[in-house]
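Peer 1: predicted model, plus sequence, below.
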Amino acid sequence: MAYETIIVDVEDHIATITLNRPDSLNALNSQLLAELAKALKEADGNDRVRCIILTGNTKAFAAGADIKEMSEKSFVDMYLSDFFGDEHEAITRIRKPIIAAVAGYALGGGCELAMMCDFIIAAENAKFGQPEINLGVVAGIGGTQRLTRFVGKSKSMDMHLTGRFMDAEEAERSGLVSRVVPAKKLMEEAQGAASKIAEKSILTAMAVKESVNRSYETTLAEGILYERRLFQSLFATDDQTEGMAAFLEKRAAQFRDK
Ligand SMILES: CCCCCCCCCCCCC[C@H](O)CC(=O)SCCNC(=O)CCNC(=O)[C@H](O)C(C)(C)COP(=O)(O)OP(=O)(O)OC[C@H]1O[C@@H](n2cnc3c(N)ncnc32)[C@H](O)[C@@H]1OP(=O)(O)O
């Protein structure tokens, strides 16, 4: 399908989705979000795809929701349509791993989008923030909830109340991002991580994603039980047999998603 606001490239079992509204620093308008939802769903359903990378350009991952588009909305518009409700569902239902490769600005909805991915690899020039307070609103798609869980109340409250940005070094130090690399190495690093994930059993990769995400939804005891049942259930797969046999035979495992 031809997209206008994103670019989709599928190669070597990796789907790379690039946000492509450079004139507005990839502001997330309804068209881009609809195209992104469709592309993510297609990648998730494409048997050739084993890992997804979501990225922007060197200046911006996404500078947030499109302020011009939102400025024309009323409470009634937002509430009756449950604005952004479908978008949240669309990304949280994706079962394959999604890596956010962030350079430049990831602000507001851009930061929230990156946090909904499975992990973030940041370029040294990345800047994260939830500056919605400057617009007279709070974050609207998980920013106050995920950032607080990821970096702690004090830093999250600081960022939401002051609207300040955090740079890549602070983001890594606070646990928001997994790795920081030179901007020119960002896609190489993200593709390297995606390639490693693509070599694993998709069954196990999906189970890992479910189990880690479950830790934000339940108690420790319930989460440990959920994880243990997933661990036990994977012993019913050929991939577990292959993985352990390969180790003992000192060879690379050949997983077949069975
Ligand atoms: C489908 C799959 C799942 C998807 C789910 C996740 C996505 C959810 C998206 C919706 C989220 C809604 C809830 C969210 O919490 C609400 C928000 O995001 S509110 C917006 C928050 N962001 C901001 O407040 C940042 C605004 N921008 C700035 O502060 C500055 O632009 C900057 C980033 C500091 C850069 O400053 P400069 O370098 O000076 O550049 P300019 O300001 O001149 O910008 C260049 C150009 O881009 C336009 N622009 C920048 N940001 C936005 C924006 N957010 N919306 C619209 N347009 C933007 C700016 O107007 C300039 O355009 P020009 O004037 O040149 O035409």
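Peer 2: Perfect, I can see it now.

Peer 1: contacts and neighbour counts: CA atoms only from here.
Peer 2: Noted.

Peer 1: and the stretch 1-150 of the chain, which residues reach the ligand?
Peer 2: 23-25, 27-28, 33-34, 36-37, 63-68, 87-88, 90-91, 107-109, 113, 131-132, 139-141 (C-alpha under 6 Å from any ligand atom).

Peer 1: again, only this time at 5 Å
Peer 2: With C-alpha under 5 Å from any ligand atom as the criterion, the stretch 1-150 of the chain comes near the ligand at residues 24-25, 27, 33, 36-37, 63-67, 87, 91, 108-109, 113, 132, 139-141.

Peer 1: among these, name the buried ones.
Peer 2: 25, 27, 33, 36-37, 63-66, 87, 91, 108-109, 113, 132, 139-141 (16 or more other C-alpha atoms under 10 Å).

Peer 1: let's see which of the residues of the stretch 1-150 of the chain next to the ligand end up in strands.
Peer 2: Residues of these located in strands (DSSP state E): none.

Peer 1: chain center to the helix or strand of the chain with the lowest mean pLDDT: distance?
Peer 2: Within the chain, no helix or strand scores below helix 85-92, which has a mean of 87 by mean pLDDT, DSSP states H and E. Using C-alpha atoms, centre = their mean, to the nearest Å, the mean C-alpha position of helix 85-92 is found 12 Å from that of the whole chain.

Peer 1: and for it, what's in contact with it?
Peer 2: Helix 85-92 is contacted from outside by Leu33, Ala34, Ala37, Leu40, Lys41, Met116, Cys117, Ile141, using C-alpha atoms under 8 Å, 6 or more residues apart in numbering.

Peer 1: mind listing the strands for the stretch 1-150 of the chain?
Peer 2: In the stretch 1-150 of the chain, the strands defined using DSSP state E, counting those that start in this stretch lie at 6-11, 14-19, 51-55, 60-62, 98-102, 105-107, 119-123, 127-129.

Peer 1: strand partners of the first one, parallel vs antiparallel please.
Peer 2: If you go by DSSP bridges, strand 6-11 pairs up with strand 14-19 (antiparallel).

Peer 1: so for the partner strand, mean pLDDT?
Peer 2: Strand 14-19 shows a mean pLDDT of 98.

Peer 1: and if you look at stretch 123-141?
Peer 2: Mean pLDDT, computed over stretch 123-141, is 98.

Peer 1: buried set for it?
Peer 2: Here stretch 123-141 shows 123-132, 138-141 as buried, counting by 16+ other C-alpha under 10 Å.

Peer 1: okay, now the unreliable bits of this structure?
Peer 2: Where the chain drops to pLDDT under 70, the residues are 1.

Peer 1: break it into its domains for me.
Peer 2: In terms of domains, the chain is parsed into 6-198, 200-249 (source: the TED database).

Peer 1: dump those to CSV, plus distance to Phe255.
Peer 2: Converted to CSV, the domains of the chain look like this (distance: least, C-alpha to C-alpha, whole Å):
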stretch, distance to Phe255
domain 6-198, 10
domain 200-249, 5
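
Peer 1: most packed of those domains?
Peer 2: Ranked by mean neighbour count, the domains of the chain are led by domain 6-198 with a mean of 19 (mean count of other C-alpha atoms under 10 Å).

Peer 1: CA atoms only for stretch 228-247, dumped as CSV, please.
Peer 2: Provided in CSV are the C-alpha atoms of stretch 228-247 (Å, rounded to 0.1, in the frame of the first residue of the first chain):
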residue,chain,number,x,y,z
ARG,A,228,6.3,-19.6,35.2
ARG,A,229,3.4,-20.9,33.2
LEU,A,230,4.8,-19.4,30.0
PHE,A,231,8.2,-20.9,30.8
GLN,A,232,6.6,-24.3,31.4
SER,A,233,4.4,-24.0,28.3
LEU,A,234,7.4,-23.4,26.1
PHE,A,235,8.6,-27.0,26.9
ALA,A,236,5.7,-28.1,24.6
THR,A,237,7.5,-26.5,21.6
ASP,A,238,10.0,-27.9,19.1
ASP,A,239,11.9,-24.7,19.5
GLN,A,240,12.7,-25.4,23.2
THR,A,241,13.9,-28.8,22.2
GLU,A,242,16.0,-27.4,19.4
GLY,A,243,17.3,-24.5,21.6
MET,A,244,18.6,-26.8,24.4
ALA,A,245,19.9,-29.4,22.0
ALA,A,246,21.8,-26.8,20.0
PHE,A,247,23.5,-25.6,23.2
